[in-house]
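Chemist: predicted model and sequence below, questions to follow.
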Amino acid sequence: MSTKTIDGNITDQAAPRVYQHAAEIQPYGHLVRLPIALSETVCRESVEHLNQLLADTVTLRDLYKKHHWQVLGPTFYQLHLLFDKHFEEQSVFVDSIAERIQMLGGVSLAMAADIAETTLIPRPPKGREEVPVQIARLLHAHEIVLKEARTMARLAAERGDDGTNDLIVSDVIRTNEMQVWFLAEHVVETPLVRAE
């Protein structure tokens, strides 16, 4: 639909305005103060810790998807489904952690390159690995996440950031522990068809 403006020019109001550019409205590392009854120092520390946890949770999540696609062997079906289930659960945490960062007035990491340069989890090879190696990688990644999550939960509790503490303890730690248990049972050496 074209319309005439006051100066007589014709504009097309229905045309999308693409290729727009502007300065960032909130640079990474800067806080917007929200009235949540936490000091700026507490918010800043929690945001910093949560962005590290976010980077490692995204990496763990993506490691599950990699192994979901590349798993093979006699336990293919069970692990294919388990890896995808754990991927979905980690995806929920990615969203919850990023939203908590925003609630604290911070900016969450969001792009793969930023995640890759921040994560503490070692990068796997691009190719396919044997199932025990896939599971060992996942267990190591969980251990990294759990170690930092416990430290972050303690610090958040000490500083009165109950929302961050609750997210980390109730969701991240408990579910990661459960996922470790489910994974570790797949690498217990027991006879498959004969009791001893």
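Modeler: That came through fine.

Chemist: what about stretch 33-42, start to end distance?
Modeler: 11 Å (C-alpha to C-alpha, to the nearest Å).

Chemist: swap in stretch 64-75?
Modeler: End-to-end distance for stretch 64-75, by C-alpha to C-alpha: 15 Å.

Chemist: pull the residues that contact it.
Modeler: 79-80, 83-84, 86-87, 90, 124, 128-131, 134, 137-138, 186 (C-beta atoms under 8 Å, 6 or more residues apart in numbering). Backbone N, C-alpha and C define where each C-beta goes, glycine included.

Chemist: show me how far that stretch is from its chain's centre.
Modeler: 20 Å (C-alpha atoms, centre = their mean, to the nearest Å).

Chemist: can you point out the buried residues in that stretch?
Modeler: 64, 65, 66, 67, 68, 70, 71 (16 or more other C-beta atoms under 10 Å).

Chemist: then stretch 126-133?
Modeler: 129, 131.

Chemist: ditto for stretch 41-57
Modeler: Buried residues in stretch 41-57 (16+ other C-beta under 10 Å): 42-47, 49-57.

Chemist: which one among the residues you listed gets closest to residue 26?
Modeler: Nearest to residue 26 among these: residue 47, at 11.7 Å, using C-beta to C-beta.

Chemist: in this structure, which spans are helices?
Modeler: Ranges of helices in the chain, per DSSP state H, are 40-70, 76-103, 112-118, 131-158, 162-166, 174-184.

Chemist: turn those into a markdown table, including mean pLDDT and distance to residue 19.
Modeler: Output for the helices of the chain, formatted as a markdown table (pLDDT from 0 to 100; distance: least, C-beta to C-beta, whole Å):
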| stretch | mean pLDDT | distance to residue 19 |
| --- | --- | --- |
| helix 40-70 | 97 | 29 |
| helix 76-103 | 96 | 27 |
| helix 112-118 | 97 | 22 |
| helix 131-158 | 97 | 39 |
| helix 162-166 | 97 | 38 |
| helix 174-184 | 97 | 42 |
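
Chemist: could you dump these into TSV with distance to residue 32 added?
Modeler: TSV is the format used below for the helices of the chain (distance: least, C-beta to C-beta, whole Å):
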stretch	distance to residue 32
helix 40-70	9
helix 76-103	9
helix 112-118	19
helix 131-158	19
helix 162-166	16
helix 174-184	29
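
Chemist: need the winner for burial among those.
Modeler: helix 40-70 (a mean of 21; mean count of other C-beta atoms under 10 Å).

Chemist: angle of it against helix 131-158?
Modeler: 170 degrees (axes from the mean of the first three to the mean of the last three C-alpha atoms, to 10 degrees).

Chemist: report the inter-axis angle for helix 40-70 versus helix 76-103.
Modeler: 160 degrees.

Chemist: please tell me how far residue 114 sits from residue 107.
Modeler: Distance from residue 114 to residue 107, counting by C-beta to C-beta, to the nearest Å: 11 Å.

Chemist: show me what contacts residue 130?
Modeler: Taking C-beta under 8 Å, 6+ apart as the test, what residue 130 contacts is residue 73.

Chemist: excluding chain neighbours, what is closest to residue 64?
Modeler: residue 87 (4.0 Å; C-beta to C-beta, 6 or more residues apart in numbering).
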